[in-house]
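**Q** Predicted model and sequence follow; I will ask about them next.
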Amino acid sequence: LGEVVKFLVYSARRRDPAGDRHEAYFVGTNDVAGVCDLRFQAQAPDVLHGLGITRVHRWLSMSHLKSAALRSAGIAIVEHVALPEFMIPAQTHVEIQAKRAAGYFTGVGAGSLSRVK
């Protein structure tokens, strides 16, 4: 979305009279930017293909869209690693909760590993 738009989105979330809530996370982004997420995850495999990578042994990403893009492009993901809770800064918990509610990858528990086909 770009740094200026991110700044506007985060500022709007902080000023929301109802507070910064995970239920409104993507709505707020859409209100400011006109989209919930502008990243083209289908392009994610391009760099890996350019490097000749066809298999990722440990993948750390919450984005289910990015993981699906890799698999669709023929890149195998052996282990999808969940982001450990202790690595999530306190100020990002609303964003992480929103992403989990939207179907982003969370694994089977904090810091656990999950096998993905």
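**A** Nice, thanks for sending it over.

**Q** any idea of the pLDDT on residue 115?
**A** Among the per-residue scores, residue 115 holds a pLDDT of 40.

**Q** when you give positions from now on, start the count at 55
**A** All set: I'll call the first residue 55, so the last point we hit is now residue 169.

**Q** List the neighbours of stretch 113-133 that are in contact with it.
**A** By CB atoms under 8 Å, 6 or more residues apart in numbering, the surrounding residues in contact with stretch 113-133 are 93, 95-99, 102-103, 107-112, 134-135, 137, 150, 153-154, 157-160, 167-170. Heads up, the C-betas are built off the backbone N, CA and C, glycines and all.

**Q** which stretches of the chain form helices?
**A** Using DSSP state H, the helices found in the chain span residues 57-69, 79-87, 98-104, 118-126, 147-155.

**Q** would TSV of those with mean pLDDT and mean neighbour count be doable?
**A** Rendered in TSV, the data for those read as follows (pLDDT from 0 to 100; neighbours: other CB atoms under 10 Å):
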stretch	mean pLDDT	mean neighbour count
helix 57-69	82	13
helix 79-87	80	17
helix 98-104	91	14
helix 118-126	89	17
helix 147-155	84	16
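
**Q** Quick one: these as CSV, columns for distance to residue 141 too.
**A** Written out in CSV, the entries for the helices of the chain read as follows (distance: least, CB to CB, whole Å):
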stretch, distance to residue 141
helix 57-69, 20
helix 79-87, 20
helix 98-104, 21
helix 118-126, 18
helix 147-155, 10
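
**Q** Not counting sequence-adjacent ones, nearest residue to residue 68?
**A** Once its chain neighbours are removed from consideration, residue 68 has its nearest residue in residue 74; the separation is 6.2 Å (CB to CB, 6 or more residues apart in numbering).

**Q** Thanks a lot, catch you later.
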